[in-house]
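Novice: Here's my sequence, what's the structure:
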Amino acid sequence: LDAAFQMRARLLQAQRGIYASVTQFVAESPVKAYVIDLDLHRGRAEALLSTFALHAVRAETLSEDLTVGGHTYRAGRAAVLNLNQPQARLLRSAMERRTQFPDTGFYDVSAWTLPLAFNVRYAELDRAPRSAPGLPLRAPEAVAEASVAYVFPWGDVTTPRLVNQLARQGLHMRLMTRAFAAGGRRFAPGQVVIPVAMQKVAPAELLQIMRRSAAAGLEVTSINTSLTNISRPNAPIEGVDLGSPTAHVMQAPRVAVVSGSTQTSNAVGEAWHTLSWRWGLETTLLDSVATADLSRYNVIVLTGSLGAVPSALASAPAAGISATAPVTNASLDALRVWIERGGVLVTTGTGTDWAAASPPSRPPMLRPGTTPTPVGPMKPAPAPFRGRFCRPTLTSRTPSRWGLTPCSRCCGAATRSTPLRPVKW
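Specialist: Below you'll find the model as predicted:
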């Protein structure tokens with residue numbers, strides 16, 4: 001503070017010079033504007049633009065169709081970030097994709113490219129296109145009243161929050177784990193089906209709920225038949241039916257995040273922020289598993305730990321816990337019983353390492369008079385490695401694949417069905 005006070009005149013002069021030289025900076029820049037597609041990952045794009053808005057970066061609506069790199073950005077369906085504005089330097093620094101640096105001594109934030117971090121489709125432009133002030137409002141097509149069910153994909157970043165809101169309203173929902181076809185359309189795995197029947201609300205009220213959800217970002221399709229073919233004469237049945245036992249009944253999650261002195265604050269904070277702030281889930285932090293009433297929750301999240309054992313599962317009190325404290329039988333048994341009763345344990349980071357080393361599950365119960373079948377020795381776990389998967393093969397039945405689309409600026413790792421291959425950096 002003292003240094004800032006002593007140098008206040010120089011700092012203010014430097015800040016003034018930054019804004020006074022914007023015109024020259026824009027004239028010398030080869031990039032004059034950026035365009036962001038709002039059709040793909042609308043929620044992600046809006047989150048990126050909201051981040052820019054916090055820093056007084058102005059975004060406008062594209063007024064002309066624009067084709068760049070083989071992709072057409074449609075008028076009224078894309079946002080334009082014109083470099084000719086006071087925050088030009090901030091905008092270019094956040095949007096540019098720099099892969100070479102004259103100096104190897106740089107901070108970790110030096111190489112961050114926000115559109116890649118938000119996974120949006122964008123392009124650099126050498127001229128500023130025609131644009132109109134403000135951003136386009138969501139204009140979903142009208143949702144027709146359905147006689148059987150409403151269907152929407154698990155896709156956009158806003159989907160978890162909206163699904164949670166629907167669950168809080170008491171709607172009965174099913175998650176389709178297999179592909180199916182109905183009403184003349186094919187649907188990939190990962191669709192959420194809301195039947196019109198078996199609801200606590202009247203069909204007319206359900207229709208209004210779905211229309212509000214569509215306005216908020218869900219891609220809702222109305223289904224008026226339970227037939228699982230493509231509406232062709234003598235067409236074969238394609239996929240499962242809407243009442244298939246492979247579909248999972250969705251419940252409103254009651255989430256707890258394991259905290260404690262050995263949990264990394266960044267990992268716990270990231271999970272808590274995502275679940276509570278972004279998705280709107282009521283989330284509780286658990287300092288102890290053995291003494292907590294786990295029946296209040298149906299999901300427990302265990303993130304990375306500084307020690308070999310999370311303190312919430314250790315025998316000592318949370319305050320002053322040792323990173324190597326042993327896991328108590330009470331805490332482990334409580335977690336096992338909770339899982340056997342239907343609880344879902346989600347692990348990340350070193351939390352996964354602990355769960356793999358001390359699996360909190362018991363062998364399945366055997367009927368009286370039966371003997372267990374030998375399964376042979378367990379295969380050793382593969383050695384951990386650092387890096388990234390490029391161009392993996394993901395089947396449509398993989399839950400982590402649902403809702404993903406090809407990366408717009410990298411290797412298309414989300415959906416490419418191609419073998420792993422070397423990638424040049």
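Novice: helices or strands next to the helix or strand hosting Gln24 in the packing?
Specialist: Element membership for Gln24, per DSSP states H and E: helix 22-28. In this structure, helix 22-28 packs against helix 88-95, with contacts taken as 3 or more Cβ pairs under 8 Å, 6 or more residues apart in numbering; DSSP states H and E. Placement of C-beta: from N, CA and C, glycine included.
Novice: Give me the residue ranges of the protein where confidence is low.
Specialist: Scanning the chain for pLDDT under 70 picks out the ranges 104-111, 138-141, 228-238, 305-329, 358-398, 400-401, 403-425.
Novice: Centre-most residue in it?
Specialist: The chain has Val157 as the residue nearest its centroid, 5.2 Å off, counting by Cα atoms, centre = their mean.
Novice: From what I see, that residue and Arg44 are in contact.
Specialist: Yes - under the criterion of Cβ atoms under 8 Å, Val157 makes contact with Arg44 at 5.1 Å.
Novice: Tell me the backbone dihedrals of the residue lying closest to Gly134 once chain neighbours are set aside, please.
Specialist: Spatial nearest neighbour of Gly134, excluding adjacent residues (Cβ to Cβ, 6 or more residues apart in numbering): Thr61 at 6.2 Å. Backbone geometry at Thr61, expressed as degrees, to the nearest 10, gives phi -100, psi 130.
Novice: Likewise for Val35?
Specialist: Dihedral angles of Val35 (phi, psi; degrees, to the nearest 10) stand at phi -120, psi 140.
Novice: That one: neighbour count?
Specialist: Neighbour count for Val35, taken as other Cβ atoms under 10 Å: 22.
Novice: Who does it form a beta bridge with?
Specialist: Note on Val35: beta-bridge partners Val80, Ala123, judged by DSSP bridges.
Novice: close enough to count as contact, it and Ala123?
Specialist: Yes - between Val35 and Ala123 there is a contact at 5.3 Å, judged by Cβ under 8 Å.
Novice: Quickly list what's touching both of these two.
Specialist: 68, 73 (Cβ atoms under 8 Å, 6 or more residues apart in numbering).
Novice: who touches stretch 294-304?
Specialist: Under Cβ under 8 Å, 6+ apart, the answer for stretch 294-304 is 251, 253-258, 263-264, 267-268, 270-271, 275, 284, 286, 310, 334-335, 338, 341-351, 354-355.
Novice: Buried ones among those?
Specialist: Neighbour-count burial (16 or more other Cβ atoms under 10 Å) is assigned, among the contacts of stretch 294-304, to 253-258, 263, 267-268, 271, 275, 286, 310, 334-335, 338, 343, 345, 347, 350-351, 354-355.
Novice: Restricted to helices, list those.
Specialist: When DSSP state H defines the helices, the subset of the buried ones among the contacts of stretch 294-304 inside them is 267-268, 271, 334-335, 338, 350-351, 354-355.
Novice: Export the residues you listed as CSV, with columns for distance to Arg296.
Specialist: Converted to CSV, these look like this (distance: Cβ to Cβ, whole Å):
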residue, distance to Arg296
Ala267, 23
Val268, 19
Ala271, 18
Ala334, 13
Leu335, 14
Trp338, 10
Thr350, 26
Gly351, 20
Trp354, 23
Ala355, 21
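Novice: for those residues, which one is nearest Val68?
Specialist: Among those, Ala271 lies closest to Val68 (Cβ to Cβ), at 37.2 Å.
Novice: hang on, isn't the closest one packed against Thr347?
Specialist: No - Ala271 lies out of contact with Thr347 (Cβ under 8 Å); the separation is 10.8 Å.
Novice: how about the helices of this protein, start to end?
Specialist: Secondary structure of the chain (DSSP H): helices at 2-6, 8-20, 22-28, 42-54, 88-95, 114-117, 159-168, 203-216, 265-272, 329-340, 350-357.
Novice: List the buried residues in the fifth one.
Specialist: To tie it back to what came earlier, the one meant is helix 88-95. In helix 88-95, counting by 16+ other Cβ under 10 Å, buried: 88-89, 91-92, 94-95.
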